[in-house]
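Enquirer: give me a 3D structure for the following:
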Amino acid sequence: MNAIITIVLAEFQRSIRNRWASASVILLASLAFSLVALGSAPIGDSRASLMSITTVSLSSLSLYLIPLVALTISFDAIVGEQEQGTLLLLLTYPISRWQIILGKFLGHLVVLMLAIVLGYGSAGIYLASLESSALNDWVSYGQMMGSSLLLGAVFISIGCLISLLSKVRASAIGAAVGVWLFLLVLYDLILLGLIMADNEQQLLPAIFDVLVLLNPADAYRLYNLAGSEAASMVSGVTTMANSFDPNGLLGLMCAWIALLLSTAIYLFSRKEL
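Expert: Numbering: from 1, shown residues only. As a prediction, this is how the structure comes out:
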C-alpha cells in the first residue's frame with residue numbers, strides 16, 4: 001500500500017510540474033462558467049431551472065472533453081518512463097508491477113478529480129449565487145460530476161493500456177487520438193449508419209442496445225439523460241435512455257475500468273524490458 005501511495009504522489013507531483021493539473025482545472029472551470037453564462041441568458045420562458053440546463057449542457061460537453069483530458073494525462077504513463085530510462089530504475093525497487101499500474105492510474109485519477117471538483121464545483125457555487133435550486137437539481141449536478149469522473153477513469157485506463165502497448169510516445173499520442181475519435185465520433189456514426197441500413201428493423205432491435213452499451217461514452221450519455229426528470233425535460237431524452245437502469249450503466253463503466261486495468265496489469269507482468 002505504501003508503494004502505491006508513493007507512486008500516486010509522484011504522478012500527482014509530476015502533473016503539477018507539467019501543469020496538467022492547473023491547465024485541466026482552468027479548462028473545465030472556464031467552459032463550465034461559459035455554459036452557466038449562456039444558460040442564464042434571457043432567451044425565453046422555460047420550466048427548467050438554470051441548474052438543470054447547466055447540468056445537461058455540462059454532461060454533453062464532458063462527453064467529449066473529459067475523455068480527451070484523461071487520455072492527455074495518461075497516454076505516456078509507461079512509455080514516457082521507458083523513453084526516459086526511469087522505468088527500469090523504478091523496477092529495481094521492491095515494488096510489484098501491478099502496483100505501478102494501479103499507482104499511476106490512481107495518480108492520474110486524483111488529477112482529474114481535482115480538475116472536476118474545482119472546475120465544475122466552482123461553477124456550481126456560482127450557480128447557487130444566481131438562483132436557489134431544488135435539492136433534486138443539486139443531486140443531478142453531483143451525479144453528473146461523479147459520472148464524469150467515472151468516465152474519465154475509463155479513459156485513464158485506456159490511456160494506461162495504450163501507453164503500455166506503445167513503443168514510443170509519438171505512437172501513443174496517435175493511438176490515443178484514434179481511440180478518442182473512434183469512441184466519441186465514429187462509433188455513433190456507425191450506429192446511425194446501421195439504423196439507416198436496417199430499414200425493415202429485423203436485425204437491429206435485437207443488437208442495438210448491446211452495441212450502445214459496448215461504448216462507455218454512450219453509457220455515460222444515457223446515464224446523464226435518464227438520471228433525473230429535470231435533465232430529461234431539458235435534453236428531450238428519448239424512450240431508449242429511460243429503458244436503461246442508471247445504476248446498471250454506472251456498473252458497466254466500473255466493469256470497463258476493471259477489465260482494462262486487469263488487462264494492463266497482465267500485459268505489464270509479461271512485458272520484457
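Enquirer: and the pLDDT for residue 243?
Expert: In this model, residue 243 is scored at 68, pLDDT.
Enquirer: shaky segments in the protein?
Expert: The model of the chain has pLDDT under 70 over residues 1, 20, 39-48, 133, 198-206, 226-243, 273.
Enquirer: so what does the helix or strand where residue 143 lies touch, helix or strand wise?
Expert: Element membership of residue 143 [criterion: DSSP states H and E] is helix 135-165. Judged by 3 or more CB pairs under 8 Å, 6 or more residues apart in numbering; DSSP states H and E, the packing partners of helix 135-165 are helix 50-74, helix 79-84, helix 97-130, helix 169-181, helix 216-226, helix 229-235, helix 246-269. No exception for glycine: its C-beta is placed from N, CA and C like everyone else's.
Enquirer: buried residues in it?
Expert: Within helix 135-165, the residues scored as buried using 16 or more other CB atoms under 10 Å are 137, 140-141, 143-145, 147-165.
Enquirer: picking up where we left off before, quick one: which of the helices and strands packed on helix 135-165 is nearest residue 3?
Expert: Among the helices and strands packed on helix 135-165, helix 97-130 comes nearest to residue 3, with 4.9 Å by CB to CB.
Enquirer: pull the distance from that closest one to the chain's centre.
Expert: 11 Å (CA atoms, centre = their mean, to the nearest Å).
Enquirer: so that helix versus helix 135-165, what angle?
Expert: Angle between the axes of helix 97-130 and helix 135-165 is 150 degrees (criterion: axes from the mean of the first three to the mean of the last three CA atoms, to 10 degrees).
Enquirer: the inter-axis angle of helix 97-130 versus helix 50-74?
Expert: Helix 97-130 and helix 50-74 meet at an angle of 150 degrees, taking the same axes, to 10 degrees as the criterion.
Enquirer: show me what helix 97-130 is packed up against.
Expert: Packing partners of helix 97-130 (3+ CB pairs under 8 Å, 6+ apart): helix 2-17, helix 20-39, helix 50-74, helix 86-91, helix 135-165, helix 246-269.
Enquirer: got the buried residues for that helix?
Expert: Buried, per 16+ other CB under 10 Å, within helix 97-130: 97-116, 118-121, 123-124, 126-127.
Enquirer: okay, now residue 86: neighbour count?
Expert: 11 (other CB atoms under 10 Å).
Enquirer: report the contact partners of it.
Expert: Counting by CB atoms under 8 Å, 6 or more residues apart in numbering, residue 86 touches no other residue.
Enquirer: check contacts around residue 6.
Expert: The contact partners of residue 6, by CB under 8 Å, 6+ apart, come to residue 103.
Enquirer: separation between it and residue 85?
Expert: 19 Å (CB to CB, to the nearest Å).
Enquirer: any idea how many residues pack against the closest residue to residue 87 other than its chain neighbours?
Expert: Ranked by CB to CB, 6 or more residues apart in numbering and with sequence neighbours excluded, the top spatial neighbour of residue 87 is residue 81, at 3.9 Å. When neighbours are counted by other CB under 10 Å, residue 81 registers 18.
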